[in-house]
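> output the structure for:
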Amino acid sequence: MANNNPPTQQEYDAWYAQIYGYFYRRVNTVTDARDLTNDTLADFFLYSKQMENPKALIFQMAKNRLSNFIRSKTRNPGMVNIDNVEFTYSDHYQKRGEYLITCAKKNLDSRQFAVVEMCILCDFTSVRVSEELQMSSVNVRQILSRSLKKIKEKCKQIWLEMTNKQ
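The predicted structure is shown next:
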């Protein structure tokens with residue numbers, strides 16, 4: 001049996017902030033949170049009867065609507081064309097990258113630097129790097145691990161000094 005009394009603006013406002021916050025924390029987009037909130041409140045006021053615990057009902061309705069929303073998004077994910085996206089980095093980020101590469105070149109031998117460059121900068125797997133450099137993949141992982149540790153030790157203090165000056 002539906003509730004015959006339409007909700008007042010005060011009743012609507014009383015629930016809106018709570019339900020909107022619930023959705024926004026979970027979907028993290030304003031438009032989706034607004035849509036979900038409005039749909040949930042419309043259903044709540046349309047189908048609710050006099051009950052002992054309306055808060056439990058409205059949050060159960062919100063939970064169900066969120067589950068349906070997430071399920072629909074995973075079935076039909078939106079396509080994003082990254083060809084039109086411009087990636088920009090801050091000067092600080094670029095300086096840090098240049099510094100770390102320079103520091104790595106100074107503190108690593110050519111084989112260690114080649115492994116770090118291929119694994120970290122080119123995002124190759126250890127198997128691919130092992131084929132390129134004609135060594136075992138276990139050896140590649142050991143060299144990478146030891147090289148990164150060496151870079152952290154040698155370059156950390158200088159990097160901290162550099163960032164404190166700015």
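> care to break this structure down by domain?
The chain breaks down by automatic domain parsing into domains covering 9-75, 91-165.
> can I get these in JSON lines with mean neighbour count and mean pLDDT?
Placement of C-beta: from N, CA and C, glycine included. Shown next, in JSON lines, are the domains of the chain (neighbours: other C-beta atoms under 10 Å; pLDDT from 0 to 100):
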{"stretch": "domain 9-75", "mean neighbour count": "14", "mean pLDDT": "84"}
{"stretch": "domain 91-165", "mean neighbour count": "14", "mean pLDDT": "83"}
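> which stretches of this protein form helices?
Taking DSSP state H as the criterion, the chain carries its helices at 9-27, 30-47, 54-75, 91-107, 110-116, 126-133, 137-165.
> contacts for the third one?
Just to be clear, that refers to helix 54-75. Here helix 54-75 makes contact (C-beta atoms under 8 Å, 6 or more residues apart in numbering) with 15, 19, 22-23, 26-27, 32, 36, 39-41, 43-44, 48, 51.
> for the first one, same thing?
Identification of contacts with helix 9-27 by C-beta under 8 Å, 6+ apart yields 30, 32-34, 36-37, 40-41, 44-45, 58-59, 62, 66, 69.
> just give me the residue right at the centre of this protein.
Central residue of the chain (C-alpha atoms, centre = their mean): Asn28, 10.8 Å from the mean position.
> so how far is Ile70 from it?
12 Å (C-beta to C-beta, to the nearest Å).
> and the contacts of helix 9-27, which two are the farthest apart?
Val30 and Phe45 (22.3 Å; C-beta to C-beta).
> spatially nearest residue to Lys154 (excluding sequence neighbours)?
Leaving out its chain neighbours, the residue that sits closest to Lys154 by C-beta to C-beta, 6 or more residues apart in numbering is Asn107, at 4.5 Å.
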